[in-house]
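Student: Could you look at this predicted model? Sequence included:
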Amino acid sequence: MSLADRIQQQFQDSIATKSAALDLVAEPIALATERMVDCLMNEGRILVCGNGGSAADAQHFASEMVNRFEQDRPALAAIALTTDTSILTSVANDDAFSKVFSRQVQALGRAGDLLLAISTSGASRNVLEAVDVAHEREMGVIALTGRDGGPLAERLHEDDLLICVPADNTARIQEVHLLAIHCLCDGVDYLLLGV
């Protein structure tokens with residue numbers, strides 16, 4: 001197989017994964033969008049966490065909310081819990097890496113806020129602990145995951161939302177996660193601005 005053929009295969013696999021996910025994730029993404037708008041309109045905040053590529057996705061989502069997506073609008077309250085290196089390293093050093101997000105949720109989260117928890121495997125311990133603390137703080141949770149949802153799907157309460165990509169390949173899951181994040185951002189703008 002040539003390198004060009006391999007690249008074409010990557011594109012085809014990505015397209016196939018997105019097609020397979022469409023019917024399963026469209027409705028949960030729509031519900032999550034409505035939940036986010038409701039949270040924001042009631043002076044709530046969206047806290048976002050994840051590891052590795054999911055950390056980048058968390059930052060991407062927060063930047064689109066605070067700054068803008070495709071249209072100018074007032075800033076929306078979103079905080080990526082992946083960005084403060086002093087908090088991350090002090091918690092990991094003094095306590096445990098599994099607490100790097102939960103300590104921030106404990107400090108910043110309020111009843112009525114939302115946690116957007118991103119984990120391709122659904123098994124990231126620090127994300128799971130953040131979900132537990134979010135529930136203690138009476139926050140809703142939107143889980144963006146893959147495979148079968150893993151322990152993250154099992155941790156969700158009845159009012160929480162699961163957006164689960166039906167794939168096993170991490171790269172393919174992350175590609176759908178990015179599209180889902182763009183759909184969330186577009187949906188928020190649509191519901192707020194009507195265009």
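Tutor: That came through, no problem.
Student: alpha carbons only for contacts and neighbour counts from here, please
Tutor: Fine.
Student: quick one: low-confidence parts of the protein?
Tutor: Within the chain, no range satisfies pLDDT under 70.
Student: which ones are touching I173?
Tutor: Residues counted as contacts of I173 (CA atoms under 8 Å, 6 or more residues apart in numbering) are T17, T120, T145, G146, V165, P166, A167.
Student: burial of D72, as a residue count?
Tutor: D72: 10 surrounding residues under other CA atoms under 10 Å.
Student: Just the contacts of I173: which are in helices?
Tutor: Secondary structure defined by DSSP state H assigns T17 of the contacts of I173 to helices.
Student: Where neighbours are concerned, which of the contacts of I173 has the most?
Tutor: So for the contacts of I173 (other CA under 10 Å), the most neighbours sit at T120, 30 neighbours.
Student: Settle this for me: that residue is touching T170, isn't it.
Tutor: Yes - between T120 and T170 there is a contact under CA atoms under 8 Å: 6.4 Å.
Student: quick one on the thing from earlier: go through the contacts of I173 and name the one nearest V91.
Tutor: T120 (23.2 Å; CA to CA).
Student: Strands of this protein, residue ranges please.
Tutor: Under the criterion DSSP state E, the chain contains strands at 46-49, 78-80, 114-119, 140-146, 161-165.
Student: what's V66 in contact with, if anything?
Tutor: A75, L76, A77, A78 are the contacts of V66 under CA under 8 Å, 6+ apart.
Student: What distance do you get for it to A78?
Tutor: 6 Å (CA to CA, to the nearest Å).
Student: Check A171 too.
Tutor: From A171 over to A78 the distance is 25 Å, taken as CA to CA.
Student: which one of these two has more residues nearby?
Tutor: Taking neighbours as other CA under 10 Å, A171 and A78 compare with A78 leading, 25 against 14.
Student: doesn't G44 make contact with the more buried one?
Tutor: No - if you go by CA under 8 Å, A78 and G44 don't touch, sitting 9.0 Å apart.
Student: Tell me which residues touch E27, please.
Tutor: E27 sits in contact with no residue, where contact means CA under 8 Å, 6+ apart.
Student: I would like the residues contacting stretch 112-124, please.
Tutor: Residues contacting stretch 112-124 (CA under 8 Å, 6+ apart): 36, 39, 44-51, 54-55, 58, 127, 130-131, 134, 138-147, 149-153, 170, 173-174.
Student: Quick check: ChimeraX command selecting the buried ones in those.
Tutor: Buried subset of the contacts of stretch 112-124, written as a ChimeraX selection, criterion 16 or more other CA atoms under 10 Å:
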select :36,39,44,45,46,47,48,49,50,51,54,55,58,127,130,131,134,139,140,141,142,143,144,145,146,147,149,150,152,153,173,174
